[in-house]
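*Asks:* compute the structure for the input listed below.
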Amino acid sequence: MTGARRRWRVMLLAMALASLAGVVPRPAPAITWSGVSVPLGYQSWHAKTAGGTTTRVSQLYFPIVVTTGLGPHADLVLSSSLAGSGAEREGQPANSLDGPSAFTAQVFLRLAGDRLLVQAGIIPPSGRWGLDAEEMAVAQAIGLPVFGFGLKQYGSGLQRGGAATVAFPLSPFANLTVGAGGIHRGEFRLQEGTQSYHPASEWALTSGLDLGTPDGAGQPLHLDATYRSFGEDEVDGAKAFAEGDQVELQMEGRAGGVAMRSHGFVRAVLKGENTMFSSVGATVASVKANSGDGYFARLGLDRPLRGSLRGGADVEWNHVTGSDTFGRNGTAYGIGPALISPLGRGGATLELRGLFQWGVIEGTGGSPDSDLSGFSIFANFRWRPPS
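*Replies:* Below is the predicted model:
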């Protein structure tokens, strides 16, 4: 496989993960090319106010991504997920939101000697929508960005999108990419008994810089910048909410070899001001994945323990600031162990990870802060055909 082909496939997998991860990234499972990744994660948070009231928010998350080649220059990526989410305030009945997320199909076509990548994708009307009041309460809770849940929105109307990215080799070990794309979103009924909801369309400009070894097989460093602009959300044909423009800056890299290995990820999401055109816009805003500026970091280390078994630790940090909406601003930390082991010689690997988490959600308008405590566990089985 050529170095250019490797770079495109790294980018492809990042795009496929973005279709599942939402605005706020989580530690992403390693997706294998022309293979299958089957991760399973559970996360639970307890938020306790100064008055002693405790709210528990949790999610069991099961995403799946399947990739396959459609020939020497085309690839298909299929993705969906199942999730069970819950929110329970002390002394009150528990609310739940369970079921599948929307289904995504994407095709990637490499042209001009692997220098041009064309993407087309579709999301049919799928997932959970028409939520009742209790399910909407859960959707609002899991959408708080400081929690960092894997799935924040269950359902979608018809979505169609596309993008094109051009690569410009700068040297044998440096590659610049520039791209543009957009998504058109169709209407659906977000909450039962309410009018139809038509999410805004979205446009994006992207640029990236990949740095690696001259043979393309080394430990690369990926630098990315994205600008997103959104249209206006509508409810029953009337303007309801406009999300502010968004700038994303991201850096990801790996280092090491057979002995100590490390990987790191940092991301900044800088938001413009949102606009609500009517009281209906407040309902739409309550389930948006982010408002205010967000800063996120992940770091992992692992080393051989015995035979092919590797062990290490993961650290993460989420920080959201600048929002005037209750529950949006806050900071969360996590640290925990990791184990990675091949399963025989058939190309299968099992990863087990866990995090002990803590932090704070800042109060607004004189309301008290909420102290956070929680944990997450993650298992990922991945397989790729032996080369």
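
*Asks:* surely residue 273 forms part of a strand?
*Replies:* No - secondary structure of residue 273 (DSSP: H, G, I helix; E, B strand; the rest coil): coil, not part of a strand.

*Asks:* what's the next secondary structure element after the helix or strand of the chain with the lowest mean pLDDT?
*Replies:* Ranked by mean pLDDT, DSSP states H and E, the helix or strand of the chain with the weakest confidence is helix 3-21, at a mean of 40. Next helix or strand after helix 3-21 toward the C-terminus (DSSP states H and E): strand 36-49.

*Asks:* my read is that residue 273 contacts residue 242, right?
*Replies:* No - counting by CB atoms under 8 Å, residue 273 does not reach residue 242; the two are 9.2 Å apart. The way it works is simple: take the backbone N, C-alpha and C, and place the C-beta from them, glycine included.

*Asks:* and these two? which has more neighbours close in?
*Replies:* Taking other CB atoms under 10 Å, residue 273 and residue 242 do not tie; residue 242 has more neighbours (19 against 11).

*Asks:* what confidence value was assigned to the nearest residue to that one once chain neighbours are set aside?
*Replies:* Nearest non-adjacent residue to residue 242, counting by CB to CB, 6 or more residues apart in numbering: residue 275, 4.3 Å away. For residue 275, the pLDDT comes out at 81.

*Asks:* how close does residue 275 get to residue 320?
*Replies:* As judged by CB to CB, to the nearest Å, residue 275 and residue 320 stand 19 Å apart.

*Asks:* who has more neighbours, the two?
*Replies:* Each of residue 275 and residue 320 has its neighbours counted (other CB under 10 Å); residue 320 has more, 28 against 14.

*Asks:* tell me how far that one lies from residue 267.
*Replies:* Applying CB to CB, the value for residue 320 to residue 267 is 12 Å.

*Asks:* between these two, which contacts overlap?
*Replies:* Among the neighbours of residue 320, those also in contact with residue 267 (CB atoms under 8 Å, 6 or more residues apart in numbering) are 294-295.

*Asks:* now stretch 101-114 - C-alpha only, PDB.
*Replies:* Coordinates of each C-alpha in stretch 101-114 appear next as PDB, following Å, rounded to 0.1, in the frame of the first residue of the first chain:
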ATOM      1  CA  SER A 101     -29.300   5.500  16.400                       C
ATOM      2  CA  ALA A 102     -29.600   6.700  12.800                       C
ATOM      3  CA  PHE A 103     -28.000   4.500  10.100                       C
ATOM      4  CA  THR A 104     -25.200   6.000   8.000                       C
ATOM      5  CA  ALA A 105     -23.900   4.800   4.600                       C
ATOM      6  CA  GLN A 106     -20.800   6.500   3.100                       C
ATOM      7  CA  VAL A 107     -18.900   5.900  -0.100                       C
ATOM      8  CA  PHE A 108     -15.400   7.200  -0.600                       C
ATOM      9  CA  LEU A 109     -13.800   7.400  -4.100                       C
ATOM     10  CA  ARG A 110     -10.100   8.100  -4.600                       C
ATOM     11  CA  LEU A 111      -9.200   9.700  -7.900                       C
ATOM     12  CA  ALA A 112      -6.200  11.400  -9.600                       C
ATOM     13  CA  GLY A 113      -3.600   9.000  -8.300                       C
ATOM     14  CA  ASP A 114      -5.100   9.100  -4.800                       C
END
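
*Asks:* the residue nearest to residue 242 is in contact with residue 241, isn't it?
*Replies:* Yes - the pair residue 275 and residue 241 passes the contact test of CB under 8 Å, sitting 7.0 Å apart.

*Asks:* residue 135: what secondary structure?
*Replies:* helix.

*Asks:* ok, now which ones touch it?
*Replies:* 95-97, 128.

*Asks:* can I have the buried ones of the residues you listed as a ChimeraX selection?
*Replies:* To isolate the buried members of the contacts of residue 135 in ChimeraX, using 16 or more other CB atoms under 10 Å:
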select :95,97,128
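
*Asks:* now the contacts of residue 135 as JSON lines including distance to residue 375?
*Replies:* Formatted as JSON lines, the contacts of residue 135 follow (distance: CB to CB, whole Å):
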{"residue": "95", "distance to residue 375": "21"}
{"residue": "96", "distance to residue 375": "20"}
{"residue": "97", "distance to residue 375": "21"}
{"residue": "128", "distance to residue 375": "26"}
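
*Asks:* which residues of the stretch 101-250 of the chain fall in strands?
*Replies:* 104-111, 116-123, 159-171, 174-185, 197-198, 202-211, 221-230, 232-235, 238-242, 246-256 (DSSP state E, counting those that start in this stretch).

*Asks:* pick the most buried one from these.
*Replies:* strand 197-198 (a mean of 22; mean count of other CB atoms under 10 Å).

*Asks:* any idea of the mean pLDDT in it?
*Replies:* 86.
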